[in-house]
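Colleague: fold the following, please.
(one chain, ligands or ions: 1)
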Amino acid sequence: MHSDEDLLKNAQAVLDMNDRGNYTQPAHGLYPHQWLWDSCFIAIGMRHLDVGRAQKELTSLLRGQWHNGMLPNIIFREDAVYGPDRNAWQSWLSPYSPDKVATTGITQPPMLAEAVLQVGKKLDWPERRNWYDKMLPHLVDYHEWLYKDRDPHKEGLVLQIHPWETGLDNTPPWMQELNEHLLPIWVRFIRRFKLDSIIGLFRRDARSVPMDERFSVVESLAMFDVQLRLKRKSHDIDKILDHALFAIEDLNFNCILIRANSCLKEMSKAVKYELPKNLLDSMTGTEEALEQLWEPYSGQYYSRDFVTHKLLKTTSIATLLPLYAGSISKERAGKLVKLLENRGVFAANYPVPSVPLSSPSFNPKAYWQGPTWVNTNWLIIKGLENYGYNDEARQLARNTIKLVEKSSFNEYFDPINGKPYGAENFSWTASLSIDLLKSYSQD
Ligand code: GLC
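Modeller: I've put the predicted structure just below:
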């Protein structure tokens, strides 16, 4: 690929290729279903080409909304052969699950408010008002559910119960928790006797992507065990948290929630929609509680164990996400920008790596343990803009565009040599490239 114009055309072709009628699949083969934050990132780019399709992308997420307000991370496509499928989750065990579709019983980072807001900006006033009026009640239900079910002690931070809820599946802070404390005996047995290579032969994802670019067998079995437990508890949060061993107040998730709350406020102000008082109080609580995740000696924020309140002091891409939240002080934001610019930490040749270059967990191929992803770059670019680092934002946007021009629309990239890894023709890589091109053209 050569110019911005070619890139735009090719990105559009990827989105067309992945079009499944009322939603866009993340990629052919590996990801046939509808994923929550994928559809949000897809709509953010799609709004520049076809705002109607961007709206449809988001409204089709609502068919999966649970009666208690939850938005699931996956809505299963009925005829898909591959995928973390419906029977593995059995959402129908919960009385709150939707009537017509099968979903998982967990959510993903709450990007929907941002996507609805950005799509709305492409509409003229009367349509924009209708759009916000239509989406706001669903968003309010979702955010109220987050606080009710996921902040049971009213601490301000919402908790996550499965690594997939962070969107950063095998990110080191979560994997360390799993490995150190929660690996079930049968998975320990497999690890101890090195049976993982045999089990790996049966992995379905290996048909689409080389195994060393995915998460390990032990990681995937450990995640599967968490999933089995949620299903055994019929996706009932009270039962899940009773004897809960595994619940984390995730930094990435809570930062995205803070930004989503601001988007909700902006939209409700525009259409004079009154947000419930309790919800507004909870929103303020989250901004305050985020500061409890700050650790002064390393000058960073971390995720926290929900039960012990111990900070999980492992640096990852989430470390930079408080910039996107937009609620932290300028001084703390400055410290995060320094990490971004530090060659030993996040300043790779093809930034931003999902784990610091100097980290013992860094592996340039291994999913969320090293590679550069376009969606987290997009969030960091927005975060830099929040704090007036406009030159830095432009530079990261142009570096991201250059990387995709060099290596195509893959799921993730090697931060050292820019090689493409993971699924090919990945939808959010295409859509967010469009959004970045529209905001940061070459001149
Ligand atoms: C992987 C990613 C997750 C994404 C999903 C579908 O599980 O870790 O963030 O939503 O794939 O693309």
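Colleague: C-alpha only now, for contacts and for neighbours.
Modeller: OK.
Colleague: shaky segments in the protein?
Modeller: Flagging of the chain using pLDDT under 70 yields the residue ranges 1-2, 80-84, 181-182, 199, 201-203, 244, 443.
Colleague: which helix of it spans the most residues?
Modeller: As assigned by DSSP state H, the longest helix anywhere in the chain is helix 125-150.
Colleague: please report how far the closest residue to the ligand within the chain lies from Ile106.
Modeller: For the chain, the residue closest to the ligand is Gly167, as judged by CA to the nearest ligand atom, at 3.7 Å. Distance, Gly167 to Ile106, by CA to CA, to the nearest Å: 11 Å.
Colleague: now Asn252: how far from Trp174?
Modeller: Shown here: Asn252 relative to Trp174, a distance of 12 Å by CA to CA.
Colleague: ok, now Thr372?
Modeller: In this view, Thr372 and Trp174 are 18 Å apart by CA to CA.
Colleague: quick one: which of these two has more around it?
Modeller: Under the neighbour definition other CA atoms under 10 Å, Thr372 and Trp174 were set side by side, and Thr372 has more, 31 against 22.
Colleague: shouldn't the more buried one be in contact with Tyr412?
Modeller: Yes - Thr372 is in contact with Tyr412 according to CA atoms under 8 Å; the separation is 5.6 Å.
Colleague: hang on, the earlier thing: next, count neighbours for the residue of the chain closest to the ligand.
Modeller: For Gly167, the neighbour count with other CA under 10 Å is 19.
Colleague: ditto for the one 3 residues further on
Modeller: The number of residues packed near Asn170 is 23, by other CA under 10 Å.
Colleague: looks to me like it is in a strand.
Modeller: No - per DSSP: H, G, I helix; E, B strand; the rest coil, Asn170 lies outside any strand segment and is coil.
Colleague: give the buried residues for the longest helix of the chain.
Modeller: Residues of helix 125-150 classed as buried: 128-129, 131-133, 135-136, 138-150 (neighbour count, 16 or more other CA atoms under 10 Å).
Colleague: any idea how far it is from the chain center?
Modeller: Remark: helix 125-150 is offset 19 Å from the chain centroid, using CA atoms, centre = their mean, to the nearest Å.
Colleague: contacts only, for the nearest residue to Ile75 once chain neighbours are set aside.
Modeller: Spatially, and ignoring its direct neighbours in sequence, Ile75 is nearest to Thr103 (4.5 Å; CA to CA, 6 or more residues apart in numbering). Contact analysis of Thr103 by CA atoms under 8 Å, 6 or more residues apart in numbering lists 64, 72-76, 86, 89-91, 97.
Colleague: is it fair to say Gly156 lies in a strand?
Modeller: No - counting by three-state DSSP, Gly156 is not part of a strand but coil.
Colleague: still on that earlier bit, give me the buried entries from the contacts of Thr103.
Modeller: Buried members of these, counted by 16+ other CA under 10 Å: 64, 72-76, 86, 89-91, 97.
Colleague: tell me which entries of these lie within strands.
Modeller: The strands, defined by DSSP state E, take in 74-75 from those.
Colleague: in JSON lines: the buried ones among the contacts of Thr103, plus distance to Gly418.
Modeller: Formatted as JSON lines, the buried ones among the contacts of Thr103 follow (distance: CA to CA, whole Å):
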{"residue": "Gly64", "distance to Gly418": "36"}
{"residue": "Pro72", "distance to Gly418": "33"}
{"residue": "Asn73", "distance to Gly418": "29"}
{"residue": "Ile74", "distance to Gly418": "29"}
{"residue": "Ile75", "distance to Gly418": "32"}
{"residue": "Phe76", "distance to Gly418": "33"}
{"residue": "Arg86", "distance to Gly418": "35"}
{"residue": "Trp89", "distance to Gly418": "36"}
{"residue": "Gln90", "distance to Gly418": "39"}
{"residue": "Ser91", "distance to Gly418": "39"}
{"residue": "Ser97", "distance to Gly418": "42"}
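Colleague: setting aside sequence neighbours, what's the nearest residue to the residue nearest in space to the middle of the chain?
Modeller: By CA atoms, centre = their mean, the chain has its centre lying nearest to Gly167, at 3.5 Å. Spatial nearest neighbour of Gly167, chain neighbours left out: Gln108 (6.0 Å); criterion: CA to CA, 6+ apart.
Colleague: please apply the same query to Val307.
Modeller: Ala247 (7.1 Å).
Colleague: and that neighbour, how many neighbours?
Modeller: 22.
Colleague: just the one 10 residues further on next, same as before
Modeller: By the other CA under 10 Å criterion, the neighbourhood of Leu257 contains 26 residues.
Colleague: assumed the residue nearest to Gly167 was part of a strand.
Modeller: No - assigned with three-state DSSP, Gln108 falls outside any strand and is coil.
Colleague: got the contact list for it?
Modeller: Here Gln108 is in contact with 36-37, 71-73, 164-167, 253 (criterion: CA under 8 Å, 6+ apart).
Colleague: ok so, going back, the residue nearest to Val307 against Ile161, yeah?
Modeller: Yes - at 4.9 Å, Ala247 counts as touching Ile161 under the criterion of CA under 8 Å.
Colleague: list residues touching both of the two?
Modeller: Counting by CA under 8 Å, 6+ apart, no residue touches both Ala247 and Ile161.
Colleague: mind checking the backbone torsions on the closest residue to Phe413 other than its chain neighbours?
Modeller: Nearest-residue entry for Phe413: Pro420, 4.6 Å, with adjacent residues in sequence omitted and distances by CA to CA, 6+ apart. Per-residue torsions, Pro420: phi -80, psi 140 (degrees, to the nearest 10).
Colleague: all strands of this structure, in order?
Modeller: With strands called from DSSP E, the chain shows them at 34-35, 74-75, 248-249, 294-295, 300-301, 303-305, 311-312, 412-413, 420-421.
Colleague: same list (those) but as JSON lines, adding distance to Ile240.
Modeller: Formatted as JSON lines, those follow (distance: least, CA to CA, whole Å):
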{"stretch": "strand 34-35", "distance to Ile240": "23"}
{"stretch": "strand 74-75", "distance to Ile240": "20"}
{"stretch": "strand 248-249", "distance to Ile240": "13"}
{"stretch": "strand 294-295", "distance to Ile240": "28"}
{"stretch": "strand 300-301", "distance to Ile240": "27"}
{"stretch": "strand 303-305", "distance to Ile240": "15"}
{"stretch": "strand 311-312", "distance to Ile240": "21"}
{"stretch": "strand 412-413", "distance to Ile240": "33"}
{"stretch": "strand 420-421", "distance to Ile240": "35"}
